[in-house]
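K.L.:
Whatever this is, show me its structure:
(2 chains)
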Amino acid sequence: MLQLKGERAFADLYASHAGGVRRFLRGMVGGNTQQAEELTQEAFLKAWRALPAFAFKSTMKTWVYAVALNTARDWLRAHGGRRHEALAPTLPAEDRTETVETRAVREALLELDEDTRALLMLHYYEDMGLAEIGQVLKVPEGTVKSRLHHAKSKLRPKLIAKGFDV
Amino acid sequence: MNEDFDKLDNFMRSHRPPEAQGATVPRLPQRRWVWAGSAVAALLIVAGMQWRHQMATHESAELAVQDAIEWDEFATGLPTEVGDMVTLAE
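P.N.:
Numbers count the residues shown, from 1 in each chain, chains lettered A, B, ... in the order given. Okay, here's the model as predicted:
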């Protein structure tokens, strides 16, 4: 019965958050869809194995994003040389709604370190509030606020350098 | 921390890269697949029922033809006149 409940909880977790996690990981690896899919599967496999130890110190959403972020970090560090240039997007043709602006956003994000990139993506594209981001990054809300400010200060000049008035 | 990031925030949210797009909650696509799967299953069931009906009809037709052939064979040896029948009975 407990095992069945755990399976149901995991199925709900996957149904609710796999899309968002996949999107987040695609952004972390610069748009490489295949790599993001592999990392998504790896992240949920880790989450499944760690589910019995989940202590409810955060929501399941932020917990699974934390697992995904660690998975992305491990992969990026293992491929340390493969950063900006090699993380080329491999989007399906129908998704290639690329504009000059979106390309600039991707490039600017990829020029940042992965922690800063993750913070900005959680803030802008996963619509997480400070408290949620704090749970993902395992830092207090006040720390998230100051880190976010610092991250935006690092991002802005990169977009200005690309010719955008931000 | 007095720096104003409104313009930056608007820009980032307005120009989401394609890889950062997509359904926030994947439940709808999954439900679409559930409905599609159910529709396919229903079609298969109906098709199966129609096939069985056709097979039963075909079998009935085959049996009817066989019956007709057997009756013909049987009837071929039968007398055709009443008198013949009487003679046969005697």
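K.L.:
what residues are up against residue A:57?
P.N.:
residue A:135 (Cβ atoms under 8 Å, 6 or more residues apart in numbering or on different chains). To be clear about C-beta, it is placed using only N, CA and C from the backbone, and glycine gets the same treatment.
K.L.:
Which helix or strand contains it?
P.N.:
Residue A:57 belongs to no helix or strand when assigned by DSSP states H and E.
K.L.:
Just the pLDDT for it.
P.N.:
Looking at residue A:57, its pLDDT stands at 74.
K.L.:
Now do the same for the residue positioned nearest the centre of chain A: its pLDDT.
P.N.:
What sits nearest the mean C-alpha location of chain A, by Cα atoms, centre = their mean, is residue A:24, with 3.5 Å. pLDDT recorded at residue A:24 is 93.
K.L.:
My guess is it contacts residue A:128. True?
P.N.:
No - using Cβ atoms under 8 Å, residue A:24 is not in contact with residue A:128; the gap is 10.0 Å.
K.L.:
Low-confidence stretches in the chain?
P.N.:
Using chain A. Low-confidence segments of chain A (pLDDT under 70): A:1-5, A:80-97.
K.L.:
Switch to chain B, please.
P.N.:
In chain B, residues with pLDDT under 70: B:1-2, B:22-39, B:58, B:61, B:68-69, B:71-72, B:74-90.
K.L.:
all strands for it, in order.
P.N.:
Assigned by DSSP state E, the strands in chain B number zero.
K.L.:
follow-up on the earlier one: now do the shared contacts for residue A:24 and residue A:128.
P.N.:
Joint contacts of residue A:24 and residue A:128 (Cβ under 8 Å, 6+ apart) are A:65, A:122.
K.L.:
And for residue A:103, the neighbour number?
P.N.:
16 (other Cβ atoms under 10 Å in any protein chain shown).
K.L.:
What's the separation between it and residue A:116?
P.N.:
Residue A:103 sits at a distance of 19 Å from residue A:116 (criterion: Cβ to Cβ, to the nearest Å).
K.L.:
mind checking the longest helix of chain A?
P.N.:
helix A:2-28 (DSSP state H).
K.L.:
List the buried residues for it?
P.N.:
A:10, A:13-14, A:16-28 (16 or more other Cβ atoms under 10 Å in any protein chain shown).
K.L.:
List, out of the residues you listed, those positioned next to chain B.
P.N.:
A:16, A:18-20, A:22-23, A:26-27 (Cβ under 8 Å from any Cβ of the partner chain).
K.L.:
Distance from stretch A:136-143 to the middle of the chain?
P.N.:
On the basis of Cα atoms, centre = their mean, to the nearest Å, stretch A:136-143 sits 15 Å off its chain's mean C-alpha point.
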